[in-house]
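*Asks:* Would you be able to build a 3D model of this:
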Amino acid sequence: MSRRVEYFVIGTVTGVAIGIVIGLLVAPDSGARTRHRLAEEARRVAEAARIVAERAERTAEVLGERVDHYFGRDEEVAWRKVREIREGVQRYTEAQV
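*Replies:* Below is the predicted model of the structure:
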């Protein structure tokens with residue numbers, strides 16, 4: 001996973017968690033009910049973070065495959081050109097002899 005995606009996920013999760021805690025601290029509910037709501041919100045945020053992380057991982061894999069494909073293709077073309085040049089030089093030297 002790229003650094004930007006990691007920082008985004010960490011920032012999002014941290015921001016949501018801080019917002020939940022502040023919201024629950026100023027809420028006029030009882031302690032038991034507040035703890036229950038806090039636990040439910042924590043589960044919901046954890047699930048959302050898991051989904052975001054999975055999507056980011058899949059995206060990184062797809063991008064990695066595409067980059068490998070294009071770099072591999074460029075390398076293959078370059079080696080083909082090198083072979084063609086070698087063959088051309090060899091034909092030229094044989095013709096000169």
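*Asks:* can you tell me which residues contact residue 52?
*Replies:* By Cβ atoms under 8 Å, 6 or more residues apart in numbering, the residues touching residue 52 are 9, 12. Quick note: C-beta positions are derived from backbone N, CA and C, even for glycine.
*Asks:* Which secondary structure state does it sit in?
*Replies:* Of the three states, residue 52 takes helix according to DSSP: H, G, I helix; E, B strand; the rest coil.
*Asks:* Residue 58 versus that one, what's the distance?
*Replies:* Residue 52 is 11 Å from residue 58, where distance means Cβ to Cβ, to the nearest Å.
*Asks:* With residue 27 instead?
*Replies:* Look at residue 27 and residue 58: by Cβ to Cβ, they are 37 Å apart.
*Asks:* now do residue 8
*Replies:* 15 Å.
*Asks:* Check residue 18 too.
*Replies:* Counting by Cβ to Cβ, the gap from residue 18 to residue 58 is 28 Å.
*Asks:* so where's this protein uncertain?
*Replies:* 1, 29, 72, 97 (pLDDT under 70).
*Asks:* Next, residue 28: secondary structure please.
*Replies:* coil.
*Asks:* Kindly tell me how buried it is, as a neighbour count.
*Replies:* Counted with other Cβ atoms under 10 Å, residues neighbouring residue 28 total 5.
*Asks:* now the helices for the protein?
*Replies:* For the chain, applying DSSP state H gives helices covering 3-25, 31-96.
*Asks:* Buried residues of the first one, list them for me.
*Replies:* If I follow you right, that is helix 3-25. Counting neighbours by 16 or more other Cβ atoms under 10 Å, one finds that the buried residues in helix 3-25 are 5, 9, 13, 16-17, 20.
*Asks:* Can I get that helix in CSV? Just the C-alpha atoms.
*Replies:* Extracted C-alpha coordinates of helix 3-25, given in CSV (Å, rounded to 0.1, in the frame of the first residue of the first chain):
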residue,chain,number,x,y,z
ARG,A,3,2.4,5.9,1.8
ARG,A,4,-0.3,8.4,0.7
VAL,A,5,-3.1,5.7,1.1
GLU,A,6,-1.7,4.7,4.5
TYR,A,7,-1.7,8.2,5.7
PHE,A,8,-5.2,8.8,4.4
VAL,A,9,-6.5,5.7,6.1
ILE,A,10,-4.8,6.6,9.4
GLY,A,11,-6.0,10.2,9.2
THR,A,12,-9.6,9.1,8.4
VAL,A,13,-9.7,6.6,11.2
THR,A,14,-8.1,9.0,13.7
GLY,A,15,-10.5,11.8,12.8
VAL,A,16,-13.6,9.6,13.0
ALA,A,17,-12.5,8.2,16.4
ILE,A,18,-11.8,11.7,17.8
GLY,A,19,-15.1,12.9,16.5
ILE,A,20,-16.9,10.0,18.1
VAL,A,21,-15.2,10.4,21.4
ILE,A,22,-15.9,14.2,21.6
GLY,A,23,-19.5,13.6,20.5
LEU,A,24,-20.1,11.0,23.2
LEU,A,25,-18.4,13.0,25.9
